[in-house]
Structure formats: C-alpha cells, structure tokens
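K.L.:
Okay, sequence plus prediction incoming.
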Amino acid sequence: MSKGMVYLVGAGPGASDLVTVRGKELIKQCDVLVYDYLVYNELLTWTKPGCIKAYVGKRSGFHSKPQEEIEKLLIDYAQEGLMVVRLKGGDPFIFGRGGEEADALLKSGITFEIIPGVTASVGTAAYLGIPLTHRNDSSAVVLVTGHEDPQKTETVIDWEKYAKLGATLCIYMGVTKIDKISEQLLRAGMSPKTPVAIVRWATLPTQKSCIGKLGTISKTVVDADLKPPAMIIVGDVVKDAPRHSWFEKKPLFGKRVAITRTRRQSSELMHRLHQLGAEVLELPLIKVSSAVDEEVKEEVFAELGSYDWIVFSSPNGVRFFFDAFFDEFKDVRSLGFLRIAAVGPSTANEINKLHLDVEVLPEKHTGAELGQALIDTGSIEHAKVLIVKGNQGSDDLIKLLEEKRAIVDRIEVYKTEATDLSQNAAAEKFRKLGAHGITFTSGSTVRSFVKQAKALQRAKDAEIPKTFSIGPVTSKVMKEMHVPLIKEAKESTLDGLVEAIVEEFS
Ligand code: SAH
C-alpha cells in the first residue's frame, strides 16, 4: 500500500484567487480534504471526483469537532494510504492550531508538508490599503489573538506590553471583546486618537469595514454592526486606508447580482462581475443537455453536402451540434461548402472557435432580423437551409424563410429544463436577502425564472433586484412573461451586459 501523507495547507483569507499555486495544486490532487469554517466554498469545488470532503467546524460559538478528533481523522486517513489536505483559513501556523496537528502527525510517524497561506491580517491590510509597516509610522507588526477563555474572568493577554511597543497591532478573533481590549490599550497609554480599522470577511465581495478611533471604537463597531469573523488593526498606519482603499471602490462593490445562466455557461459572467467587485449569486435556473433525435440526425448528416446554409440560433446550438458532428465525422471538411449564419456575436464566437467563418450576422440579434439578413443575400429562394436549435425558441425565422420559398429543415440538438432550487445555497440567499440586480441571458432563463417563482420567493425586506437583459430576444420574452425590464445591453454580448450593469450602478 502506498504511504499516506498529510499537507497542512493555508487557504488564504477568503478570496479563492489568493490561495498559493502549490495549495491549489494539492487541493486538486488530494484523496481527502479536511476543512473548516473560514474556507470560502469555491475552493471545495476544485477537488477531483471521488475526493472525500470532511467538514470539521471551527466557527466560534458553534459546535465543532474537538481538536483530538480532527487529528485522529488526519492520521486515520493517512494510515489508509491516502493523500490528505488539511485546509485551514489564512496560514496554517497562525492561530490555526497547525503546530499541534504537525506534532500529532509526527508522533504517529506520518509524513507531512506545510504550505503557507496569506494570513488574515496581511490579506485584510492589502484589501483595505493599510501598509502594515511604514518607514515613518511603524517598524513592527504584532499578530495577537483577542480570544480568551470565556470561563476566565482575568485576562491573560498582556495588552499593556503590546500597547507600549509602538507597533501595528493585528488582533484576530477580538471583535466581540473590542470594548475590553480598547479599554486596556488606552489604560496602558495608547492615544484615544489612534486610528483603528475593523474588517469582516476581508477580501470577499461581502467585505465590510469601519474605521474609527481607539477612544470610541466600541461604539463604532456597534453602530456598524460588525460581527465575527473580523480583523482589528490598530496603529497610525491605518490613517492611510481611506487614501489607499481600492477594493471597496470597485464599480460593483457592495452589489449582489444574481445570474441565471446554466452552470456550464455561468463562469465567464461570474468571473467578470467578481472582478468588478460584485457578489455573485449563481441561480442555475435551467439545465441544458444534449438531446439529438437519432433519426433526424442520421437524415441530416447523410445529406449535409446538399444544404446551402446552416443557421445557428444560440451558442449551445453550436456546441451540441458540433459534439454530435465530431462523434460522426473525423474531419471538419465533412461539412462541405455550407454557408454559415449566426443570430448574434456570442453564437458567432462559438463558431469561430472551430476556425469556421460566419457569413451572415444580423445587426439586431433576433430570429426575424436573421431571416431578413439571409433573405438580403438574395440566395434564399429554393435554397436548402438547416436550422440548428434547442427544444425551445421561436419559429419567426423558419416562417420568414419558408415564405421566401426556402426548403427548411431543422435539427434540435439540446434541451432546456428547469432545475431544483430548494436546496441550492445561492437560491437560499436570494430568498432571504434578495439582490441588487439580476441578469437574463436568454428567453429560456426568463421562462424558468417565472416558472421557479415560488422557489425564489423573496422575504419581505429583501432587496428587489433590477433586471438586466442581454438583448432584444430576451427582452421580448420578459415582456411576454410580465417581467419588468430595467436595462437592456446595447450589444448582445456578455461585455454588453456587464457594461449595462456597471452603467446602472455607478
Ligand atoms: N489561520 C488563520 C486565522 C484563524 S483564527 C489566518 O492565518 O488568518 C480566525 C480569525 O481570523 C477570525 O476570527 C478573524 O479574526 C480572522 N479572519 C480570518 N479570515 C478573515 C477575513 N476574511 N476577514 C477578517 N478576519 C478574518
């Protein structure tokens, strides 16, 4: 049996792109992932299929597995010969009991490696624009815990000692005790004017911060309603925060945007909105899957060479058509001399990926416009046209072409279905808090949104989302389904959609 091993990996402060390259590599490879509360969920999706994921708690005030049990778990899995990643928020050796876990592994003769992470204080400082050290203001940094045994009345942390160092103090796990901590720092002689920053969920789109003065900071925290997990930074360097702040100035910071694409398609839109600072709720309202009628496929593929035009009305159509095509044919030249038309730029983009050129792309991205653009080529009368589509969508295009005496065949290559949202975490948040915006990127997402209205019923005081449509086809369906429209993208692409959202919120 191969020898098991444990990697103590720092997950960084929250944002999934702040994990080290080595950390991400190990998460992707491991057989077992043992993680605790502070780790942001996205990291958990990187694991390979079949990876055992064990949640071991560690949220203050909530039940969590006792430390000995966590250590036993790591040892047991490693002794089974498995590759174990013990993922810890921030850095494993900063207030993470990583030292104890390493000791336990050593005692059991299990090999381990330690992969550092960006600790919360360093992440927080960067995302708030606070230089932890500064030539003029601070030449030392202290990382200290504000968490003490609630059973003890006496404080064991020597705040007086830290107050006298003239260093920047980064206090972990201290926000619920800020009154006592600030009182003792003041008593030890720190100026009540010393600036203090408190930040919750630093580096995430849900980051919330407040800046105050040591003398009045407990009240500031109460007023701002800042709860754990939060980092406290005390020291003159904090005065730079308002000037250096960059993360909270992003155009969509503080905005929660729900997106309603299918899972397979949502990552690009999600990534762009994230980069602009938005919190993204991914509501996978529809599921798109391959659904090709074998008989139709055989007939169409047998006659491919006889068509004049092939017309695609969605990126999914392109993907599923060519999946089926390449199952059957080895060579793209089996398409023959077909002329290619696409309804819009996203569809055309998908076709271009195959190094195929699109001859007709209407200015407005609707079926009717596409039909007209084809007719305008003067080649439609008696032409054989193959239309590639899903199980939904309108027949405007077909009607128009047939009126002009084209011979139209259609092949459905995918189907769109509603998904179950009752257990979905993003849907839960949407029901509870609502969102500032919601995007629709196809008629089918609108229809499913209406169909799933019950599963998405918002609480009374939840935010009412502004609606964004990717283009006229989607907007038309919104109108038909009585979904009010706030803004339509000027260009029917993801770029256009993102631009419309930024314009509305800035
Ligand atoms: N090993 C971790 C610290 C674990 S202790 C590290 O190196 O960062 C947990 C404390 O870290 C929390 O109570 C909070 O004070 C701080 N913390 C962790 N992530 C944080 C975040 N994203 N924003 C603010 N504070 C955070």
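P.N.:
Thanks, I have the structure now.
K.L.:
helix/strand/coil for D357?
P.N.:
coil (DSSP: H, G, I helix; E, B strand; the rest coil).
K.L.:
Point to the helix or strand of the chain where mean pLDDT is at its lowest.
P.N.:
helix 263-275 (a mean of 82; mean pLDDT, DSSP states H and E).
K.L.:
in its sheet, what does the helix or strand just after it sit against?
P.N.:
Per DSSP states H and E, the first helix or strand lying C-terminal to helix 263-275 is strand 279-282. If you go by DSSP bridges, strand 279-282 pairs up with strand 256-259 (parallel).
K.L.:
List of residues touching the partner strand?
P.N.:
205, 266, 269-270, 273, 278-283, 426, 430, 433-439, 441, 463, 465, 501 (Cβ atoms under 8 Å, 6 or more residues apart in numbering). No exception for glycine: its C-beta is placed from N, CA and C like everyone else's.
K.L.:
swap in stretch 387-394?
P.N.:
Taking Cβ under 8 Å, 6+ apart as the rule, stretch 387-394 contacts 288, 291, 310-314, 316-318, 321, 367, 397-398, 408-416, 443-444, 447, 473.
K.L.:
buried residues in that stretch?
P.N.:
Neighbour counts using 16 or more other Cβ atoms under 10 Å place 387-390, 392-394 of stretch 387-394 among the buried residues.
K.L.:
From F312, how far out is E359?
P.N.:
12 Å (Cβ to Cβ, to the nearest Å).
K.L.:
now what about stretch 176-191, what contacts it?
P.N.:
By Cβ under 8 Å, 6+ apart, the list of residues contacting stretch 176-191 reads 146-148, 155, 159-160, 162-164, 169, 171, 174, 192, 194, 196, 198, 214-215, 217-218, 221, 227-228, 232, 234.
K.L.:
Among the residues you listed, filter down to the buried ones and hand me the ChimeraX syntax, if you would.
P.N.:
To isolate the buried ones among the contacts of stretch 176-191 in ChimeraX, judged by 16+ other Cβ under 10 Å, type:
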select :146,147,148,159,162,163,169,171,174,194,196,198,214,215,217,218,221,228,232,234
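K.L.:
can you tell me which of the contacts of stretch 176-191 are up against the ligand?
P.N.:
Among the contacts of stretch 176-191, the residues lying close to the ligand (Cβ under 6 Å from any ligand atom) are P228.
K.L.:
Now, the contacts of stretch 176-191 that are in strands?
P.N.:
169, 171, 196, 198, 232, 234 (DSSP state E).
K.L.:
Which secondary structure state does S209 sit in?
P.N.:
Applying three-state DSSP: S209 is strand.
K.L.:
Looking at E359 and F312, which is more packed in?
P.N.:
F312 (27 against 15; other Cβ atoms under 10 Å).
K.L.:
Show me the beta-bridge partners of the more buried one.
P.N.:
A342, V388.
K.L.:
Pull the contacting residues for it.
P.N.:
Taking Cβ under 8 Å, 6+ apart, we find F312 in contact with 318, 321, 340-343, 347, 350-351, 388.
K.L.:
again, but for M481
P.N.:
M481 sits in contact with 446-447, 450, where contact means Cβ under 8 Å, 6+ apart.
K.L.:
pretty sure Q372 is touching L397, no?
P.N.:
No - using Cβ atoms under 8 Å as the test, Q372 is too far from L397 to be in contact (9.6 Å).
K.L.:
sorry, back to before: out of the contacts of M481, which are buried?
P.N.:
The buried subset of those - by 16+ other Cβ under 10 Å - is 446-447, 450.
K.L.:
what's the closest of these to E363?
P.N.:
Each of those was checked against E363 using Cβ to Cβ; the closest is V446, at 22.8 Å.
K.L.:
Quick check on that closest one: phi, psi?
P.N.:
For V446, the backbone dihedrals are phi -70, psi -50 (criterion: degrees, to the nearest 10).
K.L.:
shouldn't it be in contact with V473?
P.N.:
No - look at V446 against V473 with Cβ under 8 Å: they stay out of range, at 9.9 Å.
K.L.:
Could you give the number of residues near the residue in the stretch 1-150 of the chain that the ligand sits nearest to?
P.N.:
Across the stretch 1-150 of the chain, the shortest distance to the ligand (Cβ to the nearest ligand atom) belongs to G90, at 1.9 Å. Using other Cβ under 10 Å, G90 has 27 other residues around it.
K.L.:
likewise E80?
P.N.:
Neighbours of E80 using other Cβ under 10 Å come to 12.
K.L.:
Read off the pLDDT value for it.
P.N.:
Listed pLDDT for E80 reads 96.
K.L.:
what residues does this protein put near the ligand?
P.N.:
13-14, 38, 88-91, 94-96, 119-120, 124, 172-173, 199-203, 228-231.
K.L.:
Which of the residues you listed fall in strands?
P.N.:
Using DSSP E, those in strands are 88, 172, 199-200, 230-231.
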